[in-house]
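Chemist: structural data only, the sequence is not supplied:
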Ligand SMILES: [Mn+2]
Ligand SMILES: [Mn+2]
Ligand SMILES: [Mn+2]
Ligand SMILES: [Mn+2]
């Protein structure tokens, strides 16, 4: 193989030295691609060039050949860098594959089912900005007259966030009863997060609970983005917020609870900051604009509403989300 | 800067052509490192070489110079590969940083404490083959006369394995009582894994429990590497294995339980396949060799034993683990 | 203030013609041997892409004089299927992308400015510029 | 069946002496120019490591004849502080590891066999072998 390579190289060089045609340089370029494929290092190319030139132009002063020996010496480290590159490319590809597998694991791990509650239409969208998400949506319900929803956002993105979030998920697994009150739920999750995670990791979370018997939506927040309550009778939005520390800061954190009664055609939107802090090349999207987008589809189903808001904000961001995006709509029928 | 570079290069080349001394080649090599640092591509090196040679050896036939033009053409793609490498190194470093954060999250998430049990010396080593581990060791105990240890290995490595393993951890959190029997523990974890993880993910696990009152070690295995029981009185090893499906295959899997009585100076070694399937350039390490390594330190403390076995096998693998390595030694005093 | 010439790409020999045109123009602008080789390699890559994936198209070469800054532009255009995922095409370091350092990231590195315009089913125009320093 | 010679490393000039010895021995074994340059670069890297991190040590060169297979071994030893984390030292692609392609992974790539023995506070011995093909 190396001898074959030398022979081919010499032939292309010989032809080039005859008439210096573009044709020959093109063949040379194609051949250089082959050399890289065949794992020929740059110092070997110089060595091949030297011996080819010796054949084609014999009788040159010996210093010319010494100069090539020097050039070979200069190229060794370039060759090393190239070899290192090949190993890195391989590792990079493995990593990519690994991330894809991980995101599938995450998907299965975090799957959740919208509960069926009389008089309540629920829809949601959650889209990661990179391969793995740091946002989390989880529903609980008795499939009769109670529904609970947790919306959480782990600070940071990517793998560390995904790992930390799996913890919130297992916390939620221990809250399987939709009758549990919002501030109680946050207290449980807070203790789990506080115990398992080091100080540099924080999680914001809102837990909301709808009781069909009283048509009441109650909620508590651990430093999370406020929810929005659309009052159909007044055609305006009211922020729903409640005092509470981020999860994981203190084991004894207490969570205030708020509640509102939902009238017909009212809806509540719970979201992460990836919705409200949508960034376009020209800056943040105005809060007003976001409210207008939501309003414009208030007569559609909850799922259609969530999907429309995502589509609009995704488009405005040039299809490159800066943060994970999660939005839940709970609409009183 | 490029002119300065050319001047320096010419000077080193000129000196080399005079006497071809090693001294000059050493200077050349040092200079080539500088060239790479200064982002000089290999095709530029050839071009610099050409013009330096033109100065040092004027009057060579024009074909010599044409040959350098050809060589420049051949080097362009090598230069490109090198540039690509620099960008990949940068990306790799970012990724590495993220992985390190993730592995710290994992570390906190998975921290465990060796229980204090009278008459039982416990030591362990667990080392990931990459940044994130897919092996998991977890201890439970009443800090009196009972100790339980779980050793798990998630199929696959890296991020997906780490995510999946966080699940085993939360399963173990629900098994806080060291009085729970091995086959019961595996059944609980199995149901959690089966529920949360898709079909392509499997986990092997061994759970062992030592009861100081009866000096009995009981164990169950979910398709895990057998443990080793060293009988001091007979100076030989006995494998401890028990029937049981991998975790996550079927929700109703049942786990056989086995037990042995530990005599004075007996020890049990529980491990993952990263220990038994150590791979060197010449193939797998023989089982015999591994037993010899363990035997050779059987008089040391449990922790020293585990560390010695790791150090030896790590060295035999050229410090490049092919799989996560975990080994627990339980030694009857 | 621009002089533009072009080569249609139908066969592999047209790639050589495009390279020759690019090299001549680069020489006229005043680029040295190394930059000539880089510009020519970029043309090779773009022309081969047209030849392999779009079937036909053209390479235009433009000499630039922008307020005393001299340079050269390569405009590669085709009416092929368009690039379905530009993000993917611009990604670095895939051994599958036809070899180390090849592909569009390579062209971008060989030149100073780089821009892709593509529409599904309509075609692709790639503009790459190098300035004389 | 081995001939061994050695150079003590105390000053930077000793690095040159070690290179010279290695190159001469490599020539005698029959290695070509490119392999000579690779072996010499590996010696440079190992000797510089001794000079920079251990202060003093030696480079031994051994000509090998193993059942008709000819080769050369570089043995770099010092009584320095030892390498705290061998795994880290063998990792690829850190721009901080003193430049692209440098360091111990570079030495490993330049040679055929590579082995590190190190003990904290006792010192380090690195053995690297290249076979003639
Ligand atoms: Mn987040
Ligand atoms: Mn966010
Ligand atoms: Mn594993
Ligand atoms: Mn394993």
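Modeler: Great, that's in hand. Just so you know, these numbers come straight off a predicted model, no measurement behind them. Residues are numbered from 1 along each chain as shown, chains lettered A, B, ... in the order given. Ligands and ions are numbered 1, 2, ... in the order given.
Chemist: phi and psi next, for the closest residue to residue A:14 other than its chain neighbours.
Modeler: Using C-beta to C-beta, 6 or more residues apart in numbering or on different chains and skipping the chain neighbours, the partner closest in space to residue A:14 is residue A:56 (5.1 Å). For glycine as for every other residue, the C-beta is placed from the backbone atoms N, C-alpha and C. With angles defined as degrees, to the nearest 10, residue A:56 sits at phi -80, psi -40.
Chemist: tell me which helix or strand in chain C has the weakest average pLDDT.
Modeler: Ranking every helix and strand in chain C by mean pLDDT, DSSP states H and E puts helix C:86-89 at the bottom, with a mean of 74.
Chemist: how about the helices of chain C, start to end?
Modeler: For chain C, applying DSSP state H gives helices covering C:12-29, C:33-49, C:86-89, C:103-110.
Chemist: which one of the ones you listed lies closest to residue D:17?
Modeler: Closest approach to residue D:17 among the helices of chain C is made by helix C:33-49 (37.0 Å; C-beta to C-beta).
Chemist: helices or strands next to that closest one in the packing?
Modeler: Counting by 3 or more C-beta pairs under 8 Å, 6 or more residues apart in numbering or on different chains; DSSP states H and E, the packing neighbours recorded for helix C:33-49 are helix A:22-37, helix B:42-56, helix B:62-110, helix C:12-29, strand C:57-66, strand C:69-78, helix C:103-110, strand C:123-131.
Chemist: and the fourth one, how far from the chain's centre?
Modeler: Taking the mean of its C-alpha atoms, helix C:12-29 sits 11 Å from the chain's own mean (C-alpha atoms, centre = their mean, to the nearest Å).
Chemist: what does it contact?
Modeler: Residues outside helix C:12-29 that contact it (C-beta atoms under 8 Å, 6 or more residues apart in numbering or on different chains): A:22-23, A:25-26, C:5-9, C:35-36, C:39-40, C:43-44, C:47-48, C:51, C:59, C:61, C:63, C:70-72, C:74, C:132.
Chemist: could you list the low-pLDDT ranges of chain C?
Modeler: C:1-2, C:87, C:92-101 (pLDDT under 70).
Chemist: can you name the residue of it nearest to chain A?
Modeler: Chain A sits closest to residue C:20 of chain C, with a gap of 4.1 Å, by C-beta to the nearest C-beta.
Chemist: related to what we said a few turns ago, would you format the helices and strands packed on helix C:33-49 as a markdown table with mean neighbour count and distance to ligand 1 included?
Modeler: Below are the helices and strands packed on helix C:33-49 laid out as a markdown table (neighbours: other C-beta atoms under 10 Å in any protein chain shown; distance: least, C-beta to the ion, whole Å):
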| stretch | mean neighbour count | distance to ligand 1 |
| --- | --- | --- |
| helix A:22-37 | 18 | 41 |
| helix B:42-56 | 22 | 43 |
| helix B:62-110 | 20 | 13 |
| helix C:12-29 | 19 | 48 |
| strand C:57-66 | 18 | 44 |
| strand C:69-78 | 21 | 41 |
| helix C:103-110 | 22 | 30 |
| strand C:123-131 | 20 | 36 |
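Chemist: tell me the phi and psi of the residue of chain A most remote from its centre?
Modeler: For chain A, the largest distance from the centre (C-alpha atoms, centre = their mean) belongs to residue A:59, which lies 63.4 Å off. For residue A:59, the backbone dihedrals (degrees, to the nearest 10) come out as phi 80, psi 10.
Chemist: distance check, it against residue C:6.
Modeler: Separation of residue A:59 from residue C:6 (C-beta to C-beta, to the nearest Å): 45 Å.
Chemist: go on, residue A:300?
Modeler: 52 Å.
Chemist: again with residue C:41
Modeler: On the measure of C-beta to C-beta, residue C:41 and residue C:6 end up 19 Å apart.
Chemist: those two: which has the busier surroundings?
Modeler: residue C:41 (25 against 14; other C-beta atoms under 10 Å in any protein chain shown).
Chemist: what sits closest to the more buried one if chain neighbours are left out?
Modeler: residue B:76 (4.7 Å).
Chemist: thought the one you found was touching residue C:39?
Modeler: No: using C-beta atoms under 8 Å as the test, residue B:76 is too far from residue C:39 to be in contact (10.1 Å).
Chemist: which residues do these two both contact?
Modeler: residue C:110.
Chemist: circling back to that earlier point, out of the helices and strands packed on helix C:33-49, the one nearest ligand 3 is which?
Modeler: helix B:62-110 (13.7 Å; C-beta to the ion).
Chemist: pLDDT on the closest one, on average?
Modeler: Averaged across helix B:62-110, pLDDT comes to 85.
Chemist: quick one, it and helix C:33-49 angle?
Modeler: 70 degrees (axes from the mean of the first three to the mean of the last three C-alpha atoms, to 10 degrees).
Chemist: of all residues in chain A, which one is closest to chain C?
Modeler: residue A:22 (4.1 Å).
Chemist: leaving out chain neighbours, which residue sits closest to that residue?
Modeler: residue C:20 (4.1 Å).
Chemist: for residue C:43, same thing?
Modeler: residue C:22 (4.3 Å).
Chemist: pLDDT score for the residue in the stretch 151-300 of chain A positioned nearest to ligand 3?
Modeler: At 16.3 Å from ligand 3, residue A:163 is the closest residue in the stretch 151-300 of chain A, using C-beta to the ion. If you check residue A:163, the pLDDT there is 81.
Chemist: just the element for the spatially most central residue of chain A, please.
Modeler: Nearest to the geometric centre of chain A sits residue A:130, at 1.7 Å (C-alpha atoms, centre = their mean). Under the criterion DSSP states H and E, no helix or strand holds residue A:130.
Chemist: quick one: contacts for it?
Modeler: A:157-158.
Chemist: could you check whether stretch A:323-333 is close to chain B?
Modeler: No: Stretch A:323-333 lies out of reach of chain B by C-beta under 8 Å from any C-beta of the partner chain, never closer than 15.3 Å.
Chemist: my guess is residue A:202 contacts residue A:253. True?
Modeler: No: with contacts counted by C-beta under 8 Å, residue A:202 stays clear of residue A:253, the gap being 11.7 Å.
Chemist: what sits in contact with each of those two?
Modeler: In contact with both residue A:202 and residue A:253: residue A:247, using C-beta under 8 Å, 6+ apart.
Chemist: hang on, residue A:268 in a strand?
Modeler: Yes: remark: residue A:268 belongs to a strand, assigned using DSSP: H, G, I helix; E, B strand; the rest coil.
Chemist: identify the bridge partners of the residue nearest to it when sequence neighbours are not counted.
Modeler: Nearest non-adjacent residue to residue A:268, counting by C-beta to C-beta, 6+ apart: residue A:330, 4.7 Å away. Taking DSSP bridges as the rule, residue A:330 bridges to residue A:122, residue A:268.
Chemist: the closest residue to residue A:25 other than its chain neighbours: what's it in contact with?
Modeler: Excluding the flanking residues, the one nearest residue A:25 by C-beta to C-beta, 6+ apart is residue B:73, at 5.4 Å. By C-beta under 8 Å, 6+ apart, the residues touching residue B:73 are A:25, A:28-29, A:32, C:37, C:40-41.
Chemist: then residue A:226?
Modeler: A:239-241.
Chemist: highest neighbour count among these?
Modeler: Result: residue A:240 is most packed of those (other C-beta under 10 Å), 21 neighbours.
Chemist: so what's that one closest to, chain neighbours aside?
Modeler: Residue A:240 sits nearest to residue A:227 (C-beta to C-beta, 6+ apart), 4.2 Å away.
Chemist: do the same with residue A:205
Modeler: Setting aside the residues directly before and after it, residue A:205 is nearest to residue A:152 in space (C-beta to C-beta, 6+ apart), at 4.0 Å.
Chemist: what helix or strand does the one you found sit in?
Modeler: If you go by DSSP H and E, residue A:152 is part of strand A:146-154.
Chemist: just checking, what packs against that strand?
Modeler: strand A:120-127, strand A:135-141, helix A:158-173, helix A:182-196, strand A:203-211, strand A:267-271, strand A:325-332.
Chemist: hmm, the first one touching ligand 1?
Modeler: By that I understand strand A:120-127. No: using C-beta under 5 Å from the ion, we find that strand A:120-127 stays clear of ligand 1, coming within 11.4 Å at best.
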